[in-house]
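Visitor: Give me a 3D structure for the following:
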Amino acid sequence: MSCSDPEAFIKAYRKRCARWFLIKPRRNCGCTPAEVAAVEADQGVPLPAIYRFFLLEMGQAYGLSLSGELFYFPEIIGIRRRCEEDVADFDTCFRLPSDAVVFGSYESEYHYVRASEGDDPPVYHWDPGLDEAEVIYPSFSAFLDALFVGIRSYHWFF
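Guide: Numbering: from 1, shown residues only. This next block holds a predicted model:
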């Protein structure tokens with residue numbers, strides 16, 4: 001299930017995160033258009049609409065991650081290359097699709113979407129124990145919703 005208006009979803013998502021104090025409400029935590037262009041150039045494929053809007057609104061919102069994940073600008077520059085290198089280092093038949101936009105990493109595990117799969121594409125996960133990637137969320141918006149719930153629960157206890 002994907003959202004019909006990626007820009008509106010991301011704006012509402014940012015407000016929800018600010019309401020729960022996961023980000024500072026008035027702090028500019030988005031990437032500039034030039035930074036988004038740098039991410040797109042680094043990935044080598046056009047970014048899906050929802051990911052582009054996410055970067056513009058929240059691409060530097062460091063409060064929104066779980067421990068150790070690479071998810072934000074500028075750390076995501078080079079993430080696709082690191083994923084390709086890790087794939088090559090492991091004995092696996094998996095190959096990163098040419099239209100993959102790698103947006104998250106934890107150690108040698110990676111999350112990506114495919115640029116050819118629409119404005120709010122499914123989220124894939126690959127790690128060295130898998131011969132092929134698996135869909136872990138039906139859309140990037142569903143991934144963000146799950147991330148919000150996980151982080152909110154974590155902050156609730158600490």
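
Visitor: can you pull out the helices in this structure?
Guide: 6-19, 33-43, 49-58, 79-89, 140-157 (DSSP state H).

Visitor: roughly how far is the shortest one from the heart of the chain?
Guide: Helix 49-58 sits 9 Å away from the centroid of its parent chain (C-alpha atoms, centre = their mean, to the nearest Å).

Visitor: Render the CA-only coordinates of that helix in CSV, please.
Guide: Taking Å, rounded to 0.1, in the frame of the first residue of the first chain, the C-alpha atoms of helix 49-58 are listed here in CSV:
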residue,chain,number,x,y,z
ALA,A,49,9.1,11.3,-5.3
ILE,A,50,8.6,10.3,-1.7
TYR,A,51,12.3,9.9,-1.0
ARG,A,52,13.1,13.2,-2.7
PHE,A,53,10.4,14.9,-0.5
PHE,A,54,11.8,13.1,2.6
LEU,A,55,15.3,14.5,1.9
LEU,A,56,14.0,18.0,1.3
GLU,A,57,11.9,18.0,4.6
MET,A,58,13.9,15.7,6.9
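
Visitor: Could you tell me the least trusted of the helices of the chain?
Guide: Mean pLDDT per stretch puts helix 140-157 lowest among those, at a mean of 73.

Visitor: ok so, going back, any idea which of the helices of the chain is most buried?
Guide: helix 49-58 (a mean of 23; mean count of other C-beta atoms under 10 Å). The C-beta positions use only the backbone N, C-alpha and C, and glycine is treated the same way.

Visitor: out of the helices of the chain, nearest to Ala115?
Guide: Closest of the helices of the chain to Ala115 is helix 33-43, at 8.1 Å (criterion: C-beta to C-beta).
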